[in-house]
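**Student:** Build me a model:
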Amino acid sequence: VSSKYVASSDPSLPALALQITSLVDSYMIWVGVTNQPPESVQNAARSGLLGRDWACAMPASPGNTGFGPATSLFRSPNSDVTFSMAQRLARRFGRQIFLSVDVPATLTSTPKGSSLLFDAEKGIVTALKGLE
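**Tutor:** Numbering: from 1, shown residues only. Model prediction:
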């Protein structure tokens, strides 16, 4: 299990906490907004919600260049960001991805919300590259 602090590219948005659990040929990833300082980021997941928006995606079968199968496990009525993000991550890293995004709808529904989600995905990609 590894934790990472991801600063937002916009100072008006909150920072993100990232927790990755490495499993056999898969990753379980939680990312959410945090008020924790960078040195205490490992505590952020304890106060987060795993089931706010959660999806699972598999890489495509060998020889197939498209996306593999995916499903939403839990999702909020206003958001389904984890479905497409999990598919992109599974395709990029060739592993099964369990992804939980714990960002309140009050943030994702704003114009700056897409910037925060982009920061989250960039932070996940950077962290996963470090684990490979």
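**Student:** Tell me where the chain has helices.
**Tutor:** Applying DSSP state H to the chain gives helices spanning 81-93, 105-108, 113-131.
**Student:** Between the two ends of stretch 19-37, how far is it?
**Tutor:** Across its full length, stretch 19-37 reaches 15 Å between end residues, using Cα to Cα, to the nearest Å.
**Student:** quick one: it to chain centroid distance?
**Tutor:** Remark: stretch 19-37 is offset 7 Å from the chain centroid, using Cα atoms, centre = their mean, to the nearest Å.
**Student:** Stretch 114-125 now?
**Tutor:** Put simply, stretch 114-125 sits 8 Å off its chain's centre (Cα atoms, centre = their mean).
**Student:** in it, what's buried?
**Tutor:** S115, L116, L117, D119, A120, E121, G123, I124 (16 or more other Cβ atoms under 10 Å). (C-beta placed from N, C-alpha, C; glycine too.)
**Student:** returning to what we had before: okay, the helices of the chain in JSON lines with mean pLDDT and distance to Y27 next?
**Tutor:** Formatted as JSON lines, the helices of the chain follow (pLDDT from 0 to 100; distance: least, Cβ to Cβ, whole Å):
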{"stretch": "helix 81-93", "mean pLDDT": "93", "distance to Y27": "7"}
{"stretch": "helix 105-108", "mean pLDDT": "80", "distance to Y27": "22"}
{"stretch": "helix 113-131", "mean pLDDT": "92", "distance to Y27": "7"}
